[in-house]
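Engineer: Quick one: sequence and predicted model below, then my questions.
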Amino acid sequence: MSTTSYQIEDGFVSTSAGSSVLKATLDVDVLDESASDTSTASLVPTPQHKLRAAHSELSSRLFPRTERFCSGAEAVLRVASHVSANVFEYPLLPTADGAQTQEIKRKARARVVSLEIRPGAADAVRGALAVGASSAALIPSQTLPMFLPSLFQLAQNAAASAPAVFHVACEAIRRDMAVASSYEPLYALQHSGALLLNSASPQECHDLAVVAHVAAQRLRKLLIHFYDGARVAREMAKVETLTEESLETLAALHSTAQIGDVVEQVQKVMDDLFHVLQHQYRVYEYFGAEDAEFVVVVVGEAAAALKQAAAYEQMLGTKVGVVQVRLLLPWSHRMFAQALPTTIKRVVALENVAPSALTFQRGLLTQNLQVFFQSTYWQPVVEAAPVVVTGVYGGVFRNSTFSVGMGRAVLRHLATASSRRAFVVAKSEKLYDAALVNATSESSQATKFDVVYGESLELEGSAAYTKQFLFYGFDDVESDTARAGTETNKLFESTVDLLNKNPATRVNAVVTHSAGEEAAERPVSTLELAV
């Protein structure tokens, strides 16, 4: 009879696999799509063969949750500061913390330290891990080259050190100094042995940060939790977060190291944390028709819009589907095959990178798909392997949120076009041309790609219950760098707080900064609101 040991504070308790505690089950349909697309899973009567055994220690405890209006970056900081013993921040620029960030640091259980970005900056993390203190680091993706030697060493020695999680906000600086999103810097980690876990929304930033820390403790692997630093990290939304007491309770519960397939173990962590997060996550989550012929595989924040687009196209009779990949590396062909329908004819690997990233090699997602469809794990209905096409929606060409119209454009291009050329998806031709102006290094590469636009395919009724606002503010350039834009941000915060007073209102807000036109005397901050 197998036995599992759990460390609670300074002691261990052991429970046998056949005990009554481990026989506790959750009556949750794990195949129910509503459990993946809503914040609360569907609690419905489930056939006996679908019942999932709950983690004994987790299911026997209560983990209260509360709703907070915060950004993805603040949600990550809140989790890290209560689950880890040390949190190391590496800000790209010296900026003043907002009121909510200051409150998180003041109430933090962990020691939160802000450090300068320089060669050898990760030595502080390595030193903390060497003495057995669990650590988390919050870094922008531009600094990854300086962290690479340390990250490779940490990944190779993770089994012998304390748990470590690096939260990476993936960003790209455009020519006009605006911040765009790109996962390109993560390509350097593909041979490191680290696990790359992605979040696609502020809610996922919180939930998967919890998953990352628990997985790092249980698997003794280095976790890289990455997300869009331009939109998701800055987007303010109502997020269901665990209370400080819940996070500290979770931090006090450590399971012994697990062996076996890494991807399966990560999925098991997601399953065990269902009781805590009240949401069923999957490393490969499929949404769409069971007999889909055209499928988009995506990593990142475009997944939500693509799922809405796929649902609409299904109503029109198109056999389409979407696979959201949350664990980019390592890759499991067996588990990915379980998520896919066997009727696929064409597949798009939608990459959040700039076209120049594909000059000398395919994207990570494209590489994984091409190898998968040539492996024995793929058991298709037809003999021919599906055509794999690369799509690009990130990098310097990303200057607006990924919309449902852009998702429909990708699905229609996949279903109607016969071209095998890679393509770029943009909201409109005007925005695409403006992006080219701010990306002179990309212009030569852009000519090698097809371009699809989503402006004409936006759903007309989608804005009936949503009001969108755009506010502009001029930053004070006479003040120092740490205070530039502070007054503008305070004005934006008061505006958002005023709109967010109604508890029934869902408010999403994103603040962006840019240098403006060349003739402008002062940089411009922009507040995008959706109510």
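Structural biologist: Here it is on my side, so go on.
Engineer: so where do the helices sit in the stretch 151-300 of the chain?
Structural biologist: Read by DSSP state H, counting those that start in this stretch, the stretch 151-300 of the chain holds these helices, from start to end of the chain: 202-219, 244-251, 262-272, 274-277.
Engineer: What are the buried residues along the longest one?
Structural biologist: Going by neighbour count (16 or more other CB atoms under 10 Å), the buried part of helix 202-219 is 202-219. For glycine as for every other residue, the C-beta is placed from the backbone atoms N, C-alpha and C.
Engineer: Also the third one?
Structural biologist: In terms of neighbour count (16+ other CB under 10 Å), helix 262-272 has its buried residues at 262-263, 265-272.
Engineer: Show me what it is packed against.
Structural biologist: Using 3 or more CB pairs under 8 Å, 6 or more residues apart in numbering; DSSP states H and E as the contact criterion, the neighbours of helix 262-272 among helices and strands are strand 195-199, helix 202-219, helix 333-339.
Engineer: picking up where we left off before, now that we have the buried residues of helix 262-272, can you turn them into a markdown table and tack on pLDDT and distance to His167?
Structural biologist: As requested, those are exported to a markdown table (pLDDT from 0 to 100; distance: CB to CB, whole Å):
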| residue | pLDDT | distance to His167 |
| --- | --- | --- |
| Val262 | 92 | 19 |
| Val263 | 94 | 21 |
| Gln265 | 93 | 20 |
| Val266 | 94 | 16 |
| Gln267 | 94 | 21 |
| Lys268 | 92 | 22 |
| Val269 | 92 | 17 |
| Met270 | 94 | 18 |
| Asp271 | 92 | 23 |
| Asp272 | 89 | 21 |
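Engineer: wait, which of those residues is closest to Gly321?
Structural biologist: Gln267 (19.8 Å; CB to CB).
Engineer: Including distance to Leu327, could the helices of the stretch 151-300 of the chain go into JSON lines?
Structural biologist: Supplementary listing: these in JSON lines, determined by distance: least, CB to CB, whole Å:
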{"stretch": "helix 202-219", "distance to Leu327": "10"}
{"stretch": "helix 244-251", "distance to Leu327": "20"}
{"stretch": "helix 262-272", "distance to Leu327": "6"}
{"stretch": "helix 274-277", "distance to Leu327": "16"}
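Engineer: Quickly list the domain ranges of this structure.
Structural biologist: Per automatic domain parsing, the structural domains of the chain span 3-55, 65-277, 284-462, 465-530.
Engineer: can you tell me which of those domains the model trusts least?
Structural biologist: Comparing mean pLDDT across the domains of the chain, the weakest is domain 3-55, with a mean of 36.
Engineer: Are we agreed that Leu92 is in a helix?
Structural biologist: No: assessed by DSSP: H, G, I helix; E, B strand; the rest coil, Leu92 does not belong to a helix; its assignment is coil.
Engineer: With adjacent residues omitted, what lies nearest to it?
Structural biologist: Residue nearest to Leu92 in three dimensions, not counting chain neighbours: Pro140, with 4.6 Å by CB to CB, 6 or more residues apart in numbering.
Engineer: For the one you found, name its beta-bridge partners.
Structural biologist: With DSSP bridges applied, Pro140 shows beta-bridge pairing to Ala169.
Engineer: before we move on, what about Ser71?
Structural biologist: Listed by DSSP bridges, the beta-bridge partners for Ser71 are Met236.
Engineer: so what's it up against?
Structural biologist: The contact partners of Ser71, by CB atoms under 8 Å, 6 or more residues apart in numbering, come to 202, 233-237.
Engineer: what two of the residues you listed are the furthest from one another?
Structural biologist: The widest separation within the contacts of Ser71 (CB to CB) is 11.7 Å, between Ala233 and Ala237.
Engineer: neighbour-wise, which of those two wins?
Structural biologist: Ala233 (27 against 22; other CB atoms under 10 Å).
Engineer: What values do phi and psi take at that one?
Structural biologist: As for Ala233, its main-chain torsions (degrees, to the nearest 10) stand at phi -70, psi -30.
Engineer: That one is in contact with Leu77, isn't it?
Structural biologist: No: with contact defined as CB atoms under 8 Å, Ala233 does not reach Leu77; the gap is 10.3 Å.
Engineer: Would you mind giving the helices and strands packed on helix 262-272 as a markdown table with distance to Leu58 added?
Structural biologist: Shown next, in a markdown table, are those (distance: least, CB to CB, whole Å):
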| stretch | distance to Leu58 |
| --- | --- |
| strand 195-199 | 19 |
| helix 202-219 | 9 |
| helix 333-339 | 22 |
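Engineer: The ones you listed: which one's closest to Val371?
Structural biologist: With CB to CB as the measure, helix 333-339 is the member of the helices and strands packed on helix 262-272 nearest Val371 (7.8 Å).
Engineer: hmm, who's touching the closest one?
Structural biologist: 263-264, 267, 282-286, 323, 368, 371-372, 375, 377-379.
Engineer: picking up where we left off before, if we take the contacts of Ser71, which one ends up nearest to Lys105?
Structural biologist: Using CB to CB, Ala233 is the member of the contacts of Ser71 that sits closest to Lys105, with 16.9 Å.
Engineer: so who does that closest one touch?
Structural biologist: Taking CB under 8 Å, 6+ apart as the test, what Ala233 contacts is 71-73, 76, 169, 205, 227.
Engineer: repeat that for 7 Å
Structural biologist: With contact taken as CB atoms under 7 Å, 6 or more residues apart in numbering, Ala233 is in contact with 71-73, 169, 227.
Engineer: I'd like those residues laid out as CSV, including distance to Val179.
Structural biologist: What follows is the contacts of Ala233, written out as CSV (distance: CB to CB, whole Å):
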residue, distance to Val179
Ser71, 14
Gly72, 14
Ala73, 12
Ala169, 10
Tyr227, 13
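Engineer: and which of these is nearest Tyr393?
Structural biologist: Of all the contacts of Ala233, the one sitting nearest Tyr393 is Tyr227; the distance, using CB to CB, is 15.3 Å.
Engineer: Nearest residue to the closest one in space, please, no chain neighbours.
Structural biologist: Ser199 (4.2 Å).
Engineer: Would you confirm that the one you found contacts Ile224?
Structural biologist: No: Ser199 lies out of contact with Ile224 (CB atoms under 7 Å); the separation is 11.6 Å.
Engineer: neighbours around the nearest residue to Arg61 once chain neighbours are set aside, how many?
Structural biologist: Closest residue in space to Arg61, ignoring its immediate chain neighbours: Thr249 at 6.3 Å, by CB to CB, 6+ apart. Here the number of neighbours of Thr249 (other CB under 10 Å) works out to 19.
Engineer: From Phe274, how far off is Thr249?
Structural biologist: Remark: distance between Thr249 and Phe274 (CB to CB, to the nearest Å) = 16 Å.
Engineer: now swap in Ser182 and tell me
Structural biologist: Separation of Ser182 from Phe274 (CB to CB): 32 Å.
Engineer: higher neighbour count, these two?
Structural biologist: Higher neighbour count among Ser182 and Phe274: Ser182, with 27 against 21, using other CB under 10 Å.
Engineer: Which helix or which strand is home to Gly405?
Structural biologist: Element membership of Gly405 [criterion: DSSP states H and E] is helix 404-416.
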